[in-house]
Each structure stands twice: as structure tokens, then as C-alpha cells.
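**Q** Everything below, folded, please.
(one chain, ligands or ions: 1)
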Amino acid sequence: MSAGNLMQQKDLSQRVPHRVLDRVLTMELARVTERAAVAAARLRGHGDEKAADQAAVDAMRSELNMLPIDGRVVIGEGERDEAPMLYIGEEVGTKNGPAVDIALDPLEGTTICAKNLPNSLAVIAMAERGNMLYAPDVYMDKIAIGPGYPDGTIDLTDPPAENLARVADAKGVKVSELTACIMDRPRHAKLIEEVRATGAAIRLIGDGDVAGVIHTTDPLQTGIDIYLGIGGAPEGVLAAAALRCTGGQMQGRLILNTLEKVARARRMGVDDENRIYDMADMASGDVLFAATGVTDGNMLSGVRFMREAIVTHTVVMRSSSRTIREIKATHKDMEKFG
Ligand code: VTB
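**A** Just a heads-up that it's a prediction; the model follows:
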């Protein structure tokens with residue numbers, strides 16, 4: 001039986017009462033993603049996705065194990081039999097601290113990193129135990145917008161044209177002045193056609209839809225108003241955790257198009273295959289989120305290696321206070337990064 005089988009999906013409608021995670025942990029999370037990002041960045045542009053990913057996993061795990069938490073990985077590198085480290089169900093931390101669930105992607109955008117293209121990240125999110133969706137490693141259809149829109153502006157069950165019309169109306173611009181971020185995949189041919197027919201612009205990205213979703217939260221900086229399309233479900237939960245902190249709206253639906261996927265999802269506690277998850281269904285309660293740029297991106301710079309320091313750029317956020325911190329860190333103690 002795999003680790004995933006052992007876990008019970010908590011009914012998120014019976015969420016635990018809102019308690020606040022120790023705010024010191026927010027800063028601790030920055031250390032975790034900084035360390036993973038530096039390890040991956042040493043291998044960026046080398047064309048070896050696996051090596052960069054492994055370096056990020058090793059680094060993230062060792063830093064995570066120093067945290068004063070009783071942590072459990074709920075979104076990780078895969079199930080125990082396929083992932084030797086940071087597998088789903090792995091316990092992390094010193095155990096002297098709060099019981100938390102952790103969603104992580106030590107290197108989100110391995111291909112981007114291998115090619116040294118924009119927006120690969122080291123990412124982690126933390127919530128009180130039982131507050132994060134145990135999403136199986138399947139695809140998820142997603143739609144997301146940033147903060148400032150009236151509730152109900154987006155609806156995954158509506159055609160893209162209707163969503164874009166509502167976003168444009170609420171933003172006070174023409175549909176042709178919106179930009180949608182979509183992953184460049186053959187499966188999106190119809191979606192791309194439908195969006196183009198509205199006159200909206202599309203930014204096609206090769207990978208990295210956690211960044212794609214986060215970019216909707218700051219259209220002035222990124223030029224992206226809405227994220228649409230199908231990517232990984234684990235990445236959906238990570239993105240939802242980020243959006244919980246920044247504000248915004250997101251919906252996702254698992255794509256369970258084979259009996260095997262339905263069975264896997266069932267084992268992880270998903271009883272309604274067609275359920276549309278909103279942001280809080282994916283990450284509820286007090287949520288902490290951190291991401292450090294590995295390669296240069298629209299919001300975060302990549303790691304810089306200098307003679308006397310390593311420089312990292314991280315965003316850390318906390319849902320209960322809605323604080324968003326950007327940390328440009330100059331690490332002079334380069335030894336610790338190996
Ligand atoms: C998705 C996306 C990720 O990989 O999981 C994608 O969410 C995998 O989708 O951000 P494909 O099978 O179409 O490649 C990423 O792009 C990178 O991990």
C-alpha cells in the first residue's frame with residue numbers, strides 16, 4: 001500500500017477552527033525555498049532537469065528538517081514508491097512544534113530551469129493539519145484571477161469568452177486589452193482558439209503554472225490578468241495556497257479521465273469526481289507560502305552568484321495577516337549552501 005493510501009482525506013467542509021500559525025515560521029519558510037533555489041540554480045541552464053530537481057529536493061529536505069514543526073508532506077515529489085525523498089506522507093521537521101501539512105515543489109519548472117528560461121521557482125506552502133487538499137498527481141483544469149474583482153467573476157463551467165467579458169468589465173478595460181496566461185500544450189488548442197476569438201491576448205508559457213497563477217495577482221508588473229487551462233493538480237494546490245495569501249479567485253477541477261485515476265483519487269479521499277474546488281477548498285485556515293526565484297522571472301529575480309555572496313529573491317506570504325514580504329537576501333555565509 002502506498003503512502004497516499006494511508007491518508008484520510010479530511011472533509012474540508014468541516015474545517016478546523018481558525019488558528020494562527022506561529023508567524024516566525026513565515027521567515028523560516030523563506031530559508032527553505034532559498035536553499036532549494038540556490039541548489040537548483042547551480043545547475044540551471046545545464047540541460048539536466050533531473051539533476052537540478054534532485055539538488056533542489058535534497059536541499060529543501062535538509063532545511064525543512066530543521067524547522068520546529070511536526071510536518072507532514074501532503075503534496076510532494078510523488079508517492080513513496082516513486083519518490084525516495086519528500087514523498088507524500090513523509091514526516092518532516094523536528095516534531096517540536098505545530099502539526100502542519102506541507103505542499104512543496106522544490107523545483108517548479110524543471111524544464112525551464114534546465115533551459116534557463118524565465119519563472120522557475122522553489123515553492124512551499126504550509127497549513128494547519130488537515131487544511132490542504134490531498135490532490136492526486138493528475139491534471140487539474142484551472143482558472144484564476146488576482147485580487148480586486150467581485151466574487152463570482154470567474155466560473156470554470158463558463159466558456160472562456162464569458163469569463164473574459166466579466167474580468168474586462170470589472171477591470172474597466174476592453175476584452176482585447178486583457179492577457180490570459182495559458183500553457184503551450186496541444187490539449188489547449190480549442191481553449192487558445194476560443195480566447196483568441198475574443199480578441200484577448202495570450203501569453204503562452206512552456207511550463208510553470210504555479211508562477212502563471214501567481215502572476216495574475218500583479219497585472220501591472222506581469223501583464224497577466226487571468227490564468228486558464230490544464231496543468232498539474234499538485235501545482236493547483238500550491239497556487240491556491242499563494243492566492244489565499246494575496247487574495248484573488250481560483251477554481252480547479254480534477255481531470256479523472258481513466259478508471260485508474262478515479263480509483264487513485266478515491267483512495268486519497270476524493271468522493272465527487274466532478275467537484276469544483278475553490279481556493280479555500282484547496283488551502284484553508286492559516287496558510288503560509290514562500291517562493292524563491294531560481295531563474296529570472298516576471299516577479300522574482302533568479303539566484304545570483306557573486307564573489308562574496310549569493311543573492312536570492314523570495315516572496316513570503318501569510319493568509320491570516322495578508323502580509324506579503326519580498327526578501328532580497330545577501331548570503332555571505334556561502335558555505336552553508338554547499
Ligand atoms: C504541469 C504544470 C507544471 O508541468 O504539471 C506541467 O502544472 C505538466 O504538464 O507547472 P505536462 O504534462 O503538460 O507537461 C509544469 O509545467 C512544470 O512542473
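**Q** thinking residue 57 is in contact with residue 104, fair?
**A** No - judged on Cβ atoms under 8 Å, residue 57 makes no contact with residue 104 at a distance of 9.1 Å. Just so you know, the C-beta spots here come from the backbone N, C-alpha and C atoms, and that holds for glycine as well.
**Q** Up against the ligand, what does the stretch 51-200 of the chain have?
**A** Residues of the stretch 51-200 of the chain lying close to the ligand (Cβ under 6 Å from any ligand atom) are 108, 109, 185.
**Q** what are the ranges of the helices in the stretch 151-300 of the chain?
**A** Here the stretch 151-300 of the chain has its helices, by DSSP state H, counting those that start in this stretch, at 160-171, 189-198, 209-215, 219-222, 233-246, 259-267, 279-282.
**Q** Need the contact partners of the second one.
**A** In other words, helix 189-198. Helix 189-198 is contacted by residues 159-161, 164-165, 175-176, 180, 182, 202, 204, 228-229 when judged by Cβ atoms under 8 Å, 6 or more residues apart in numbering.
**Q** repeat that with 10 Å
**A** 141, 159-165, 168, 175-176, 178-180, 182-186, 188, 200-202, 204, 226, 228-230 (Cβ atoms under 10 Å, 6 or more residues apart in numbering).
**Q** Just the buried ones from those residues, in PyMOL syntax?
**A** In PyMOL syntax, the buried subset of these is picked out as below (16 or more other Cβ atoms under 10 Å):
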select buried, resi 141+160+163+164+165+168+175+178+179+180+182+183+185+188+200+201+202+226+228+229+230
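**Q** rank the helices of the stretch 151-300 of the chain by pLDDT, which is bottom?
**A** Lowest mean pLDDT of those: helix 259-267, a mean of 92.
**Q** Report the angle between that one and helix 233-246.
**A** Going by axes from the mean of the first three to the mean of the last three Cα atoms, to 10 degrees, helix 259-267 is angled at 40 degrees with respect to helix 233-246.
**Q** list the buried ones in helix 259-267?
**A** For helix 259-267, using 16+ other Cβ under 10 Å, the buried residues are 261, 262, 264, 265, 267.
**Q** ok, so what distance separates the second one from residue 213?
**A** Residue 262 sits 25 Å away from residue 213, going by Cβ to Cβ, to the nearest Å.
**Q** still on that earlier bit, mind checking which of the contacts of helix 189-198 are in strands?
**A** Mapping the contacts of helix 189-198 onto strands (DSSP state E) picks out 141, 179, 180, 182, 183, 201, 202, 204, 226, 228, 229, 230.
**Q** out of these, who's nearest residue 130?
**A** Nearest to residue 130 among those, counting by Cβ to Cβ, is residue 141 at 25.0 Å.
**Q** In this structure residue 233 contacts residue 74, no?
**A** No - counting by Cβ atoms under 10 Å, residue 74 is not a contact partner of residue 233; they are 12.0 Å apart.
**Q** So for those two, which residues contact both of them?
**A** By Cβ under 10 Å, 6+ apart, residue 233 and residue 74 have these common neighbours: 133, 134, 135.
**Q** measure the most centrally placed residue in the chain to residue 210 for me?
**A** Most central in the chain under Cα atoms, centre = their mean is residue 238, positioned 2.8 Å from the mean C-alpha point. Look at residue 238 and residue 210: by Cβ to Cβ, they are 5 Å apart.
**Q** do residue 288 as well
**A** Distance from residue 288 to residue 210, by Cβ to Cβ: 15 Å.
**Q** do residue 106 as well
**A** 12 Å.
**Q** what residues do those two have in common as contacts?
**A** With Cβ under 10 Å, 6+ apart as the test, residue 106 and residue 210 both reach 121, 123.
**Q** These two: who's more crowded?
**A** A direct count of neighbours by other Cβ atoms under 10 Å for residue 106 and residue 210 places residue 106 higher, at 32 against 29.
**Q** Now for that one: which residues touch it?
**A** 32-33, 35-37, 39-40, 52-61, 64, 76-77, 85-86, 121-124, 294.
**Q** And residue 49, by the same measure?
**A** Taking Cβ under 10 Å, 6+ apart as the definition, contacts of residue 49 comprise 43, 107, 109, 110, 111, 112, 113, 114, 115.
**Q** cool, residue 201 as well?
**A** Shown in contact with residue 201 (Cβ under 10 Å, 6+ apart): 175, 176, 177, 178, 179, 180, 195, 223, 224, 225.
**Q** Pipe the residues of the stretch 51-200 of the chain next to the ligand into JSON lines and attach distance to residue 100 per row.
**A** Formatted as JSON lines, those follow (distance: Cβ to Cβ, whole Å):
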{"residue": "108", "distance to residue 100": "20"}
{"residue": "109", "distance to residue 100": "25"}
{"residue": "185", "distance to residue 100": "33"}
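**Q** any low-confidence regions in the protein?
**A** Scanning the chain for pLDDT under 70 picks out 1-20.
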